[in-house]
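[1] Sequence plus the predicted model coming up.
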Amino acid sequence: CDELLMLYQPKFHVRRQKVTCAEALIRWRHPTRGMIPPVEFIPVAEEAHLIDRVTLWSIRRVIEDQRRMRAAGHDLRLFVNISGQLLSDPAFVSEACALVASSGATLGFEITETSVIRDPVSAIANLQVFADIGIRIAIDDYGAGLSSLAYLKQLPASELKIDKLFVTQLTSSNRDPLIVRSTIDLAHALEMEVVAEGVESHAALALLTVMGCDLVQGFLISRPVSTEALIAFLADESWQPAAGQES
């Protein structure tokens, strides 16, 4: 795990006008191939049955980074992506809960709906175990796969993330704003906060604000950055999305 690296992409709370949490994004710093994104190596780790070790490393790293952020005066909830394979793994669930409970960390787990479909009974039960010890559950990439209202109402989730597929064309499509607005209303009716991923323009941020979206994440706010860079970013009190740069 010496070659693994953790970056963080902040989520900006629209009403509070501040960054309140961040998503942890793992990278593999390969000695010859350079930086390898998770989309390339996570499926390999899943196939090799190493995903539990990678994810437990991620949780430990995030707990340590959160301590450093708190020491600098910034208390953010940090979200870790959890593979669907692990949602029915009792050994992983037990160890992850022990790590979080013993550390006093404030974490969230991001899961996709498709990961629940593999073994819904175990997945829903274990997500409830996580939620019961204070881990916030976020449904990632909502709308990108086979989103099911049947599962959505059963999941102990507090957050719904709208896939960037719908957000990037928000101001240039007729249908995407309808889908996004109806998703925001649905999530609010289910008492969930909504995060829009892939926010890259002020126009998209303005439209999402009018629609009642709770949080935004994307290059307009910040690219994924190191712990040190995130601490510096949070310390810059002059920063606002209006002062951000279009990407």
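    Received the coordinates, thanks.

[2] Please tell me how far residue 216 sits from residue 241.
    To residue 241, residue 216 is 8 Å away according to Cβ to Cβ, to the nearest Å. (Each C-beta comes from the backbone N, C-alpha and C, glycine too.)

[3] er, residue 109 I mean
    Taking Cβ to Cβ, one finds residue 109 at 26 Å from residue 241.

[4] same question, residue 33
    Going from residue 33 to residue 241 by Cβ to Cβ gives 35 Å.

[5] Looking only at neighbour counts, state which of the two leads.
    The neighbour comparison of residue 33 against residue 241 (other Cβ atoms under 10 Å) goes to residue 241, with 17 against 9.

[6] The more buried one is in contact with residue 203, isn't it?
    No: counting by Cβ atoms under 8 Å, residue 241 stays clear of residue 203, with 11.8 Å between them.

[7] State the pLDDT value of residue 240.
    Note for residue 240: predicted pLDDT of 73.

[8] Nearest residue to it in space, please, no chain neighbours.
    residue 17 (7.3 Å; Cβ to Cβ, 6 or more residues apart in numbering).

[9] in the sheet, who's paired with the closest residue to residue 106 other than its chain neighbours?
    Spatially, and ignoring its direct neighbours in sequence, residue 106 is nearest to residue 77 (4.8 Å; Cβ to Cβ, 6+ apart). Per DSSP bridges, the residues bridged to residue 77 are residue 21.

[10] could you dump the helix-or-strand element of the chain with minimal mean pLDDT to PDB, C-alpha only?
    None of the helices or strands of the chain scores lower by mean pLDDT, DSSP states H and E than helix 149-152, at a mean of 77. C-alpha atoms of helix 149-152 as PDB (Å, rounded to 0.1, in the frame of the first residue of the first chain):
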ATOM      1  CA  LEU A 149     -37.300   3.400  -6.300                       C
ATOM      2  CA  ALA A 150     -37.900   0.100  -4.500                       C
ATOM      3  CA  TYR A 151     -34.300   0.000  -3.200                       C
ATOM      4  CA  LEU A 152     -34.100   3.800  -2.700                       C
END
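
[11] For that helix, which residues meet the burial criterion?
    Applying a neighbour-count criterion of 16 or more other Cβ atoms under 10 Å, one finds 151, 152 buried in helix 149-152.

[12] list the helices and strands the helix or strand following it packs on?
    Once the chain leaves helix 149-152, the next helix or strand it forms, by DSSP states H and E, is strand 159-162. Other helices and strands packing on strand 159-162, by 3 or more Cβ pairs under 8 Å, 6 or more residues apart in numbering; DSSP states H and E, are strand 136-142, helix 176-189, strand 193-196.

[13] so what secondary structure elements neighbour the following helix or strand past strand 159-162?
    Using DSSP H and E, the helix or strand that follows strand 159-162 towards the C-terminus is helix 164-167. If you count contacts as 3+ Cβ pairs under 8 Å, 6+ apart, helix 164-167 packs onto helix 176-189.

[14] between the helix it packs on and strand 136-142, how many degrees?
    With axes from the mean of the first three to the mean of the last three Cα atoms, to 10 degrees as the basis, helix 176-189 and strand 136-142 are set at 160 degrees to each other.

[15] Quick one, grab the pLDDT at the residue of the chain positioned farthest from its centre.
    What lies farthest from the middle of the chain is residue 32; by Cα atoms, centre = their mean that is 29.0 Å. Looking at residue 32, its pLDDT is 89.
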